[in-house]
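>>> prediction below, plus the sequence it came from.
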Amino acid sequence: MKLLFPLPNGAELNLLDEGPNGMEYICLVCGEFKTPISELLEIYKQETNNFRRQAIADEIRDQAYFFAGQIGSFDEELQQMISWDELGEQMYQCLITFARI
């Protein structure tokens, strides 16, 4: 599955890429998160309890911010265009919007 996210430098990221450069791999291996982002999105879609749904959304946000920091730390051009926090928030909004569809 693909969820393309446009970067300010014109590149695109597939936020659901499971490969070694993808969000799932980086967050699970480097960030030591326990639940893959694709699974969190599915759980978020199915959850009806607003308190549990918010907790899931918080974990999605944490992973988005972590991934943004990892992406930004390797791309100096991107660092000059956008802060890691802003990039993480934009990724989070993209993921949540995708989960609500």
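Good, I have the coordinates.

>>> give me the neighbour count for residue 100.
A count of nearby residues for residue 100, using other CB atoms under 10 Å, gives 9. To be clear about C-beta, it is placed using only N, CA and C from the backbone, and glycine gets the same treatment.

>>> what's the answer for residue 42, then?
13.

>>> and residue 89, which helix or strand is it part of?
helix 84-100 (DSSP states H and E).

>>> packing partners of the helix ranked longest in the chain?
Longest helix of the chain, by residue count under DSSP state H: helix 50-73. Secondary-structure packing of helix 50-73 (3 or more CB pairs under 8 Å, 6 or more residues apart in numbering; DSSP states H and E): helix 23-25, helix 37-46, helix 76-81, helix 84-100.

>>> cutoff 7 Å now
On a contact count with 3 or more CB pairs under 7 Å, 6 or more residues apart in numbering; DSSP states H and E, helix 50-73 meets helix 37-46, helix 84-100.

>>> can I get the longest one in PDB, CA atoms only?
Read that as helix 84-100. Backbone C-alpha positions of helix 84-100 (Å, rounded to 0.1, in the frame of the first residue of the first chain) are rendered in PDB as follows:
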ATOM      1  CA  TRP A  84      11.700  18.600  12.100                       C
ATOM      2  CA  ASP A  85       8.700  19.300  14.300                       C
ATOM      3  CA  GLU A  86       6.700  20.900  11.500                       C
ATOM      4  CA  LEU A  87       7.600  18.100   9.100                       C
ATOM      5  CA  GLY A  88       6.600  15.500  11.800                       C
ATOM      6  CA  GLU A  89       3.300  17.300  12.300                       C
ATOM      7  CA  GLN A  90       2.600  17.400   8.600                       C
ATOM      8  CA  MET A  91       3.300  13.600   8.400                       C
ATOM      9  CA  TYR A  92       1.100  13.000  11.300                       C
ATOM     10  CA  GLN A  93      -1.800  15.000   9.800                       C
ATOM     11  CA  CYS A  94      -1.300  13.000   6.500                       C
ATOM     12  CA  LEU A  95      -1.400   9.700   8.400                       C
ATOM     13  CA  ILE A  96      -4.500  10.600  10.500                       C
ATOM     14  CA  THR A  97      -6.400  11.900   7.400                       C
ATOM     15  CA  PHE A  98      -5.600   8.600   5.700                       C
ATOM     16  CA  ALA A  99      -6.800   6.600   8.700                       C
ATOM     17  CA  ARG A 100     -10.100   8.500   8.700                       C
END
